[in-house]
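[1] no FASTA, just this:
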């Protein structure tokens, strides 16, 4: 067993695919499969299994990957002690976030502020809360912003405590209904959940709260009886669909005016929608925020304040 094999295993876990991991590692698929098999033979356990979602870690594999992540982190920190000059030259930043327009705006501003003459290694991934936390656990990302309904806060507080992570609230807000300016409800005031029921709801394709019974999650869905739903994973595609499909809508955190204008959308709160959500910044305890991390957090607060000041009818 060696560090290279550990890195290979971490990449397979991250991508959920031998093919994708091999491409990311710039190596052949047979060579990667052979390396994983040799690692499994060395340690005497099966690391991965196939599922409907692709290749996922076994229970023993998850434990091994947690140890591997810790080892690789220690090695990286040790290397940094002797490569300070090199690290200072490279601009490094990684964060997993919810699909939120104000967060994306903060990230765009951060990137615009970076020195284009220096090397950079930037990773920005939009995903659900559980995967964002897992990205930190597996040491692929340094920080995350997770989103959850406040009703589920005890679950996430306990989860983050188990993972030994620091958490800090960024924003607590109520979702707004986002739709085309040509939507039949564009002039409807006040807007209610019953008004939206006949229309198609666009939703994020990721599960909201893993490790909780589906029945419990659905019981807290303020529109559990909606029958027409479209699940999409990519935020720009969601906005395009809303723009082109005048009878669709989706629930979102308040959106910056620039995005509303770009896609010809408007946002409105429902008078009977009372399920507040919370965005929380998380990172591993003991992690020292870098200058770029702090700059992103500053931009995040600025974007939040700008969006919070916009009127939502």
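    That came through, no problem. If you're wondering where the values come from, they're calculated on a predicted model, not measured in any experiment.
[2] hey, where'd the helices end up in this structure?
    Using DSSP state H, the helices of the chain run over 3-15, 18-24, 29-43, 59-82, 84-89, 101-113, 129-137, 153-162, 193-196, 214-219, 235-244, 257-263, 291-308.
[3] Centre of the chain to the last one, how far?
    Centroid separation for helix 291-308 versus its chain: 17 Å, with Cα atoms, centre = their mean, to the nearest Å.
[4] What is that helix packed up against?
    Packing partners of helix 291-308 (3 or more Cβ pairs under 8 Å, 6 or more residues apart in numbering; DSSP states H and E): strand 91-97, helix 101-113, strand 165-173. In short, each C-beta sits where N, CA and C put it, glycine included.
[5] and if we set it to 6 Å?
    Packing partners of helix 291-308 (3 or more Cβ pairs under 6 Å, 6 or more residues apart in numbering; DSSP states H and E): helix 101-113.
[6] So what's the gap between the helix it packs on and the chain middle?
    Using Cα atoms, centre = their mean, the offset of helix 101-113 from its chain centre is 15 Å.
[7] and the direction of that helix versus that of helix 291-308, what angle?
    Helix 101-113 and helix 291-308 meet at an angle of 140 degrees, taking axes from the mean of the first three to the mean of the last three Cα atoms, to 10 degrees as the criterion.
[8] just to revisit the earlier point, I'd like the helices of the chain as JSON lines, with mean pLDDT, mean neighbour count and distance to residue 52 appended.
    Putting these into JSON lines (pLDDT from 0 to 100; neighbours: other Cβ atoms under 10 Å; distance: least, Cβ to Cβ, whole Å) gives the following:
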{"stretch": "helix 3-15", "mean pLDDT": "88", "mean neighbour count": "19", "distance to residue 52": "16"}
{"stretch": "helix 18-24", "mean pLDDT": "85", "mean neighbour count": "17", "distance to residue 52": "16"}
{"stretch": "helix 29-43", "mean pLDDT": "89", "mean neighbour count": "15", "distance to residue 52": "20"}
{"stretch": "helix 59-82", "mean pLDDT": "79", "mean neighbour count": "14", "distance to residue 52": "17"}
{"stretch": "helix 84-89", "mean pLDDT": "52", "mean neighbour count": "10", "distance to residue 52": "41"}
{"stretch": "helix 101-113", "mean pLDDT": "94", "mean neighbour count": "19", "distance to residue 52": "30"}
{"stretch": "helix 129-137", "mean pLDDT": "89", "mean neighbour count": "21", "distance to residue 52": "16"}
{"stretch": "helix 153-162", "mean pLDDT": "92", "mean neighbour count": "14", "distance to residue 52": "24"}
{"stretch": "helix 193-196", "mean pLDDT": "90", "mean neighbour count": "16", "distance to residue 52": "31"}
{"stretch": "helix 214-219", "mean pLDDT": "45", "mean neighbour count": "11", "distance to residue 52": "16"}
{"stretch": "helix 235-244", "mean pLDDT": "80", "mean neighbour count": "17", "distance to residue 52": "22"}
{"stretch": "helix 257-263", "mean pLDDT": "90", "mean neighbour count": "14", "distance to residue 52": "33"}
{"stretch": "helix 291-308", "mean pLDDT": "93", "mean neighbour count": "17", "distance to residue 52": "35"}
